[in-house]
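> predicted model and sequence follow; I will ask about them next.
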Amino acid sequence: MAERVISRPVQPRPFAIHGWIGLALIAIFWAINWGLSGPRTYWAFFPLWLGFCLAMDAINLARHGTSLLTRSWRRYVGLFIVSAPAWWLFEVLNWRVFNWHYQGRELLTWWQYIFVSSLSFSVVIPAVFECAEFISHMNFVINMKPWLVIRPDRKTTLGFFATGWTMLALLLIWPRYCFPFLWISVYCILEPINVWLGNRSLANYTKSGDWRPVVSLFLGTLLTGFFWEMWNYFSYPKWIYTVPYVNGLHIFEMPLLGYGGYLPFSLEVFALYHLVVGFIKLKKGDSYVYVLPEEE
């Protein structure tokens with residue numbers, strides 16, 4: 001059976017100093033991103049989102065007595081290190097589908113673009129996991145009843161694996177029609193690999209119908225996505241979407257239907273992180289990233 005949550009009272013903790021630093025970074029660099037004229041986002045994006053990550057971590061710590069940073073600052077730094085190359089994977093795939101591009105990119109040299117982009121991409125995974133952990137402690141998530149059972153048996157994992165590669169091939173061959181596969185194919189490929197290697201995977205939970213980690217990731221990434229899109233809107237440089245067929249009814253720059261891509265993207269982030277964790281030989285079944293309250 002998958003691990004179930006034991007809900008227990010936690011000792012409330014004061015809002016930590018790193019949270020106050022995070023709020024200060026948000027206040028300063030939000031104003032810079034939206035208030036100054038000319039190019040500024042390329043250097044102000046990272047401290048703004050570092051502030052968001054620190055503030056969310058302090059909120060989780062104050063509410064639940066535990067957080068990503070306080071469980072291990074080394075692994076917290078590791079989230080940023082893993083995040084940059086993980087997002088570059090999607091940037092490379094986007095060269096084929098061209099669903100987004102960066103307005104103001106021409107202001108930077110190639111090497112400036114690589115460096116600044118990598119720094120900005122480093123906050124993606126920490127922000128997603130902080131928000132997912134925030135959602136995971138809400139009562140409606142904790143009290144969710146078991147639902148659809150998906151077991152990591154040989155037939156299922158091979159099916160996922162083959163489907164993932166098929167979707168990726170279709171994406172590359174017909175990008176105009178198969179662009180949604182960008183946000184699910186990677187997960188379908190990596191989830192079976194994590195199962196086969198004995199890494200932590202969402203199948204550890206769905207095999208008993210426990211969908212709370214999935215819901216936590218879904219809603220946590222939507223929360224993160226709201227701030228991504230909001231802060232991007234009045235920034236410069238900024239990203240612009242060119243999504244075929246659904247490029248209407250925008251909320252900020254993102255088409256309304258485009259927010260649906262955040263849901264499977266959250267699963268890809270989880271799978272990518274735990275694949276790396278498995279390669280560097282951290283403890284098997286490591287639960288540093290909870291996306292659920294304390295597991296026993």
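Nice, thanks for sending it over.

> what residue of this protein is the furthest out?
residue 37 (30.0 Å; CA atoms, centre = their mean).

> shaky segments in the protein?
Applying pLDDT under 70 to the chain flags the ranges 1-12, 281-287, 292-296.

> which residues touch the residue nearest the centre of the chain?
Nearest to the mean C-alpha position of the chain, by CA atoms, centre = their mean, lies residue 128 at 3.7 Å. If you count contacts by CB atoms under 8 Å, 6 or more residues apart in numbering, residue 128 has them with 217, 220-221, 224, 266, 269. (Glycine included, C-beta is placed from N, CA and C.)

> got the contact list for residue 52?
By CB under 8 Å, 6+ apart, the residues touching residue 52 are 22, 26, 123, 127, 130, 227.

> which SSE is the fourth one in?
Put plainly, it is residue 127. helix 124-136 (DSSP states H and E).

> what about the closest residue to residue 80 other than its chain neighbours, how many neighbours?
Once flanking residues are discounted, residue 80 sits nearest to residue 122: 4.3 Å by CB to CB, 6 or more residues apart in numbering. Residue 122: 22 surrounding residues under other CB atoms under 10 Å.

> in this structure residue 122 contacts residue 46, no?
Yes - with contacts counted by CB atoms under 8 Å, residue 122 reaches residue 46, the gap being 7.3 Å.

> and the strands in the stretch 101-250 of the chain, which stretches?
In the stretch 101-250 of the chain, the strands defined using DSSP state E, counting those that start in this stretch lie at 238-241, 250-251.

> rewinding a little: pull up the gap between the residue farthest from the centre of the chain and residue 105, please.
Residue 37 sits 18 Å away from residue 105, going by CB to CB, to the nearest Å.

> and what of residue 167?
Applying CB to CB, the value for residue 167 to residue 105 is 28 Å.

> for residue 34, phi and psi?
Backbone torsions for residue 34, taken as degrees, to the nearest 10, come to phi -100, psi -20.

> which one is it nearest to, not counting chain neighbours?
Spatial nearest neighbour of residue 34, excluding adjacent residues (CB to CB, 6+ apart): residue 234 at 4.4 Å.

> and residue 99, what is it in contact with?
Listed by CB under 8 Å, 6+ apart, the contact set of residue 99 reads 179, 182, 241-243.

> please repeat the previous calculation with a cut-off of 10 Å.
Applying CB atoms under 10 Å, 6 or more residues apart in numbering to residue 99 gives the contacts 90, 93, 175, 179-180, 182-183, 239, 241-244, 247, 258, 261.

> picking that back up, what about the residue farthest from the centre of the chain, which SS state?
With DSSP: H, G, I helix; E, B strand; the rest coil as the basis, residue 37 sits in coil.

> now it. Its backbone dihedrals?
With angles defined as degrees, to the nearest 10, residue 37 sits at phi -90, psi 160.

> so it sits against residue 234, correct?
No - assessed by CB atoms under 10 Å, residue 37 is found out of contact with residue 234, at 11.4 Å.

> if we can go back for a sec, okay, and the common contacts of residue 122 and residue 46?
Common contacts of residue 122 and residue 46, defined by CB under 10 Å, 6+ apart, comprise residue 80.

> before we move on, back to that, can you tell me how far the residue nearest to the centre of the chain is from residue 156?
Taking CB to CB as the measure, residue 128 falls 25 Å from residue 156.

> cool, residue 209 as well?
Note on residue 209: its distance to residue 156, by CB to CB, is 14 Å.

> go on, residue 73?
As judged by CB to CB, residue 73 and residue 156 stand 37 Å apart.

> any idea how far residue 136 is from residue 246?
Applying CB to CB to residue 136 and residue 246 gives a distance of 30 Å.

> which of the two has more neighbours?
residue 136 (23 against 15).

> skipping its backbone neighbours, what lies nearest the more buried one in space?
The spatial neighbour of residue 136 that comes closest, neighbours along the chain excluded (CB to CB, 6+ apart), is residue 216 at 3.9 Å.

> so the one you found sits against residue 210, correct?
No - checked against CB under 10 Å, the pair residue 216 and residue 210 is beyond contact range at 11.1 Å.

> okay, these two: which has more neighbours?
When neighbours are counted by other CB under 10 Å, residue 216 comes out ahead of the other of residue 216 and residue 210, with 28 against 23.

> identify the residues contacting the more buried one.
By CB under 10 Å, 6+ apart, residue 216 lies in contact with 129, 131-138, 141-142, 144, 266, 270, 290-293.
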